[in-house]
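Asker: how does the following fold in three dimensions:
(chains A, B, C and D)
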There are 2 protein chains.
Amino acid sequence: MTPKMTTSSYAVLALLDLKPWTGYELTQQAQRSLRYAWPKSERLLYSEPKKLVKLGYATTHKEPAGNRTRNVYEITSEGRQALRNWTGSRTAAPRIEIEALLRLLFADHGSTEDVRRTLDELESDIAEHHQAIVDLMASYLDGGHPFPRRAHLSVLFATFQIEMFKTIEKWIEFARHEVDDWPDTRDLGMTERTEELTRLLAQDRSLLTH
Amino acid sequence: MTPKMTTSSYAVLALLDLKPWTGYELTQQAQRSLRYAWPKSERLLYSEPKKLVKLGYATTHKEPAGNRTRNVYEITSEGRQALRNWTGSRTAAPRIEIEALLRLLFADHGSTEDVRRTLDELESDIAEHHQAIVDLMASYLDGGHPFPRRAHLSVLFATFQIEMFKTIEKWIEFARHEVDDWPDTRDLGMTERTEELTRLLAQDRSLLTH
DNA sequence: TGGACACTACTGCAATTTGCAGTAGTGTCA
DNA sequence: TGACACTACTGCAAATTGCAGTAGTGTCCA
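Answerer: Coordinates of the predicted model:
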């Protein structure tokens, strides 16, 4: 049985198209650069290139590195062909997992203090990612883009992340102000304020613009 | 071995705290209301309540429905206690999977036409979700909120979704305009435009505001 | 100079989660 | 009355994660 190409397989294959990498480099690079679009575990990222070799889309050889060896992977022309055919399939819908939102939705089992803590945790997770992307862009200006021919793609990609993070940060501020007006997390019900917000949302109006 | 409570288990338990549901209702409800914060497969959502029963957090009984039976689940007081203790653990970082972005990042294997198609697909996925949330808010105004005591939480949650979708839609427009200026997907390199955008991003400036 | 500790460079295995097929009853429209 | 969508699940294989384990390397500090 030949293995099946998943989206993750194509992600790794696309990285291999840039240059040959060792398994370790591949996991590091994939986690750094793809984390916000296609987050995958280190374990999987180690397995994918092996699958590519089985499919004939990559070759592998051991390279000495001191007293041990590293696996180096390189794309084949069949691999490049497979990449070109990737566009054939329909793009999967976005999938967004935010535990903080889930906790917020069921915040009536805890205190307003719990809600504020959840918002703080979300904020610090987002801040970390946000800063990482801004720093990355800054490093491109100083040190140059690692693959300058692909700079136009990286920039479009980074724009998405930055705008996303800014929106989430603005929402966190908004949520904090709302929670400040709650006497408790429970049984607040359909207050005038809630009804007003519902009305605005039903009209598809933005609530974050001041 | 007692099973382990995952975030998904708490999500289902929180739903059970609202009212008793059948397994089928639970999967439908969870997929409808939690899809954008905690998307889980129907299969898993059928398994979770069984786990809750094993843990003593829910009870189950079969209810006749014509010529077949349905499993009805109900939360126990131990279940309610477990929910209150949920806040003890750290909230996991957001995890955002957008295949369209991955394809965009490696768009140099295809044509600008492929990029535009990917953007169209993303746009239609987002539009569908966006519309669903706006409609839901509108239905709350007409038909009333199914759990009015929790309306303040739903509204905060919905605000997040709407702002997120609006941001993505704006970015799609932005990306389309950028792609219009590309002669090809490949080897565009560090043009003046790309450098300008990189500079703005490194300063953490928004590129979507006109 | 040697011990702690972080980083490189992976593999194995159990547990979680998904996807998909299959089974079977129900409601509705033509 | 047959097709087809919806209700209401279960079983199983495959994808993915998490974690522990193994082992060499580099660096800092005492």
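Asker: give me the neighbour count for the nearest residue to residue A:38 once chain neighbours are set aside.
Answerer: In this structure, residue A:38 finds its nearest non-sequential neighbour in residue B:102, 4.6 Å apart by CB to CB, 6 or more residues apart in numbering or on different chains. Backbone N, C-alpha and C define where each C-beta goes, glycine included. When neighbours are counted by other CB atoms under 10 Å in any protein chain shown, residue B:102 registers 22.
Asker: and the helix or strand where residue B:102 lies with DNA strand C, contact?
Answerer: In this structure, residue B:102 sits in helix B:99-105 according to DSSP states H and E. No. Between helix B:99-105 and DNA strand C, judged by CB under 7 Å from any atom of the strand, nothing touches; the nearest distance is 11.0 Å.
Asker: mind listing what's buried in that helix?
Answerer: For helix B:99-105, the neighbour count (16 or more other CB atoms under 10 Å in any protein chain shown) marks B:99, B:100, B:101, B:102, B:103, B:104, B:105 as buried.
Asker: ok, residues contacting stretch A:115-128?
Answerer: Among residues not part of stretch A:115-128, those counted as contacts by CB atoms under 8 Å, 6 or more residues apart in numbering or on different chains are A:98, A:100, A:103-104, A:107, A:165, A:168-169, A:172, A:175-176, A:179, A:185, B:87, B:90-91, B:93-94.
Asker: would that stretch count as contacting DNA strand D?
Answerer: No. Stretch A:115-128 stays clear of DNA strand D (CB under 7 Å from any atom of the strand), getting no nearer than 14.3 Å.
Asker: can you check my assumption that residue A:74 lies in a strand?
Answerer: Yes. Counting by DSSP: H, G, I helix; E, B strand; the rest coil, residue A:74 is part of a strand.
Asker: shaky segments in chain A?
Answerer: Filtered on pLDDT under 70, chain A yields the residue ranges A:1, A:210.
Asker: closest to the centroid, which residue in it?
Answerer: Against the mean C-alpha coordinate of chain A, by CA atoms, centre = their mean, the closest residue is residue A:36 at 1.4 Å.
Asker: name the SS class of the nearest residue to that residue once chain neighbours are set aside, please.
Answerer: In space, residue A:36 comes closest to residue A:161 once its chain neighbours are excluded; the distance is 5.2 Å by CB to CB, 6+ apart. Assigned with three-state DSSP, residue A:161 falls in the helix class.
Asker: correct me if wrong: residue A:161 contacts residue A:33.
Answerer: No. Taking CB atoms under 8 Å as the definition, residue A:161 is not a contact partner of residue A:33, at 11.0 Å.
Asker: the more surrounded of those two?
Answerer: A direct count of neighbours by other CB under 10 Å for residue A:161 and residue A:33 places residue A:161 higher, at 23 against 17.
Asker: who's in contact with residue A:92?
Answerer: Applying CB under 8 Å, 6+ apart, the residues near residue A:92 are A:7, B:97, B:99.
Asker: stretch A:54-65 close to DNA strand C?
Answerer: Yes. Interface with DNA strand C: stretch A:54-65 contributes residue A:65 (CB under 7 Å from any atom of the strand).
Asker: centre of the chain to that stretch, how far?
Answerer: Relative to its parent chain, stretch A:54-65 has a centroid offset of 28 Å by CA atoms, centre = their mean, to the nearest Å.
Asker: that one close to chain B?
Answerer: No. Applying CB under 8 Å from any CB of the partner chain, one finds stretch A:54-65 separated from chain B by no less than 13.1 Å.
Asker: can I get that stretch as PDB, trimmed to CA atoms?
Answerer: Coordinates of each C-alpha in stretch A:54-65 appear next as PDB, following Å, rounded to 0.1, in the frame of the first residue of the first chain:
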ATOM      1  CA  LYS A  54       8.300   5.800   0.200                       C
ATOM      2  CA  LEU A  55       6.300   7.700  -2.500                       C
ATOM      3  CA  GLY A  56       9.400   8.500  -4.500                       C
ATOM      4  CA  TYR A  57       8.900  12.200  -3.900                       C
ATOM      5  CA  ALA A  58      12.100  12.600  -1.900                       C
ATOM      6  CA  THR A  59      15.400  10.800  -1.400                       C
ATOM      7  CA  THR A  60      17.200  10.400   1.800                       C
ATOM      8  CA  HIS A  61      20.800   9.800   2.900                       C
ATOM      9  CA  LYS A  62      22.600   9.800   6.200                       C
ATOM     10  CA  GLU A  63      25.200  12.500   6.800                       C
ATOM     11  CA  PRO A  64      27.800  12.300   9.500                       C
ATOM     12  CA  ALA A  65      27.600  15.000  12.100                       C
END
